[in-house]
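Participant: coords below, sequence missing:
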């Protein structure tokens, strides 16, 4: 481990350790096949892709948010719209991310935008391993027990109690609900006999 905080593990050492662990598992699973390819596995240098860490948790959320909650193009990138074309800005990563502008017809702009619309029932965020929907119902509890982790008990949801729009203090209590046709006749007659409420103003 480095103490200056620039990286967690040296990538060259990580590559060698990964190769050793991978070959060990392969040997345990199929010794005969491993013996045939052992020389080729060890004589070649293995490469582990290690990406630079993000600057902060905020930047991680921002990075993931672009793929999970944002649309294909933001309003800030749209520079001009006229009767025939749409002009928007983009980064040309073939030229080191230089900002440029592109002009497209309405039809072509909508066609490209529609390519980013997800199919029906497509899930953007998916969980794998012990957090997948099939795992976490049963196996996650067993895993937590084996690791000595106490799962937090979910508190029952609080009943919704809207506040008074006038005093913002008291709770409103629903005494009757109506459909689109409005209040029935018996409610209108009852409300006429009630004293008028005091004005808050």
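Facilitator: Sure thing, it's come through. All values reported here derive from a predicted model rather than from experimental measurement.
Participant: when you work out contacts or count neighbours from here on, use the C-alpha atoms and nothing else.
Facilitator: Will do.
Participant: residue boundaries of the strands in the protein?
Facilitator: With DSSP state E as the criterion, the chain has strands at 78-81, 85-92, 98-105.
Participant: tell me, what residue is most central in this structure?
Facilitator: Nearest residue to the geometric centre of the chain (C-alpha atoms, centre = their mean): residue 68, 4.6 Å.
Participant: show the pLDDT at that one.
Facilitator: At residue 68, the predicted lDDT confidence score is 79.
Participant: how about it: what's its closest non-neighbour residue?
Facilitator: Nearest residue to residue 68 in three dimensions, chain neighbours excluded: residue 124, at 6.0 Å (C-alpha to C-alpha, 6 or more residues apart in numbering).
Participant: gap between the one you found and residue 130?
Facilitator: To residue 130, residue 124 is 18 Å away according to C-alpha to C-alpha, to the nearest Å.
Participant: between those two, who's got more neighbours?
Facilitator: Neighbour count, other C-alpha atoms under 10 Å: between residue 124 and residue 130, residue 130 has more, with 15 against 9.
Participant: quick one, what contacts the more buried one?
Facilitator: Residues counted as contacts of residue 130 (C-alpha atoms under 8 Å, 6 or more residues apart in numbering) are 136, 139, 140.
Participant: need the pLDDT of it.
Facilitator: 74.
Participant: run through the chain and note the low-pLDDT ranges.
Facilitator: Applying pLDDT under 70 to the chain flags the ranges 1-6, 53, 194-201.
Participant: what's the longest helix in it?
Facilitator: The longest helix of the chain (DSSP state H) is helix 11-29.
Participant: which elements pack onto it?
Facilitator: Contact here means 3 or more C-alpha pairs under 8 Å, 6 or more residues apart in numbering; DSSP states H and E; on that basis helix 11-29 packs against helix 31-43.
Participant: and the helix it packs on, what other elements does it pack with?
Facilitator: Right, helix 31-43 is packed against helix 11-29 by 3+ C-alpha pairs under 8 Å, 6+ apart.
Participant: the helix it packs on to helix 31-43, inter-axis angle?
Facilitator: In terms of direction (axes from the mean of the first three to the mean of the last three C-alpha atoms, to 10 degrees), helix 11-29 departs from helix 31-43 by 170 degrees.
Participant: buried set for helix 11-29?
Facilitator: Using 16 or more other C-alpha atoms under 10 Å as the test for burial, helix 11-29 gives 14, 15, 16, 19, 23.
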